[in-house]
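>>> Have a look at this prediction, sequence included:
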Amino acid sequence: MALAGQRKAGIPIWPLFEQFSGFVHLSSEVDRIVISWVRQFYATMWIHLEHDFNGFMLNDWQERLYYSRLQQLLGVDTSDMKLHQIVYGDALPPHRSRARGTFPTDQEIWPLFMEPFSNASLRTPDRLRLEAYVLHMALRKTVLPRGGNRESLTSLQQWLLLSIWRGE
């Protein structure tokens, strides 16, 4: 998560993360990250079906990180609404890809895209404002799945960008 404290492509993205107080601490601890722990975390991480917690292994111990604790650690406000609910409604995996998701309205999403932006404008990474594009690329390198589709923005990606942009 070193992305929060750095400049990417000369664009400061830190202000987008400063509103989440836990990121200040997280970015200051980057030099203390144990790479083998990170690899084990990603190799064993799974998400509970109801999105209540993440499960993972750490030093051969099974761990659970509940979302309420993660929200507390990162300084993110809690909300009853989850992005997956906004995007997919009650569709369960693996059927979410068929549901395609609910996209933000043009009125909600326009601040992330270059002008001119209208109802007919494409919502692709190359049309994002530079700050939003850098944020999108930072998320792709850290928390987003490594899917092969790089030419478009999924509904989940758009909502995630918009949520961080708004500080929600």
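Noted; the coordinates are in hand. Numbers count the residues shown, from 1 in each chain.

>>> which residues of this protein score low on pLDDT?
In the predicted model, the chain carries pLDDT under 70 at residues 1-14, 17, 19-33, 74, 76-81, 92-100, 143-149.

>>> For Val87, see how far away the spatially closest residue to Ser155 that is not a sequence neighbour is.
Excluding the flanking residues, the one nearest Ser155 by C-beta to C-beta, 6 or more residues apart in numbering is Gly101, at 3.1 Å. Bear in mind the C-beta positions are built from the backbone N, C-alpha and C, glycine included. Between Gly101 and Val87 the computed distance is 4 Å (C-beta to C-beta, to the nearest Å).

>>> Give me the more crowded residue out of those two.
The neighbour comparison of Gly101 against Val87 (other C-beta atoms under 10 Å) goes to Val87, with 22 against 19.

>>> Return the helix or strand Leu73 falls within as PDB; C-alpha atoms alone will do.
In this structure, Leu73 sits in helix 67-74 according to DSSP states H and E. What follows is the C-alpha trace of helix 67-74 in PDB, where atoms were taken according to Å, rounded to 0.1, in the frame of the first residue of the first chain:
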ATOM      1  CA  TYR A  67     -14.400  -5.800   8.100                       C
ATOM      2  CA  SER A  68     -15.400  -3.800  11.200                       C
ATOM      3  CA  ARG A  69     -11.700  -4.100  12.400                       C
ATOM      4  CA  LEU A  70     -10.300  -3.300   9.000                       C
ATOM      5  CA  GLN A  71     -12.500  -0.200   8.900                       C
ATOM      6  CA  GLN A  72     -11.300   0.800  12.300                       C
ATOM      7  CA  LEU A  73      -7.600   0.200  11.400                       C
ATOM      8  CA  LEU A  74      -7.900   2.200   8.100                       C
END
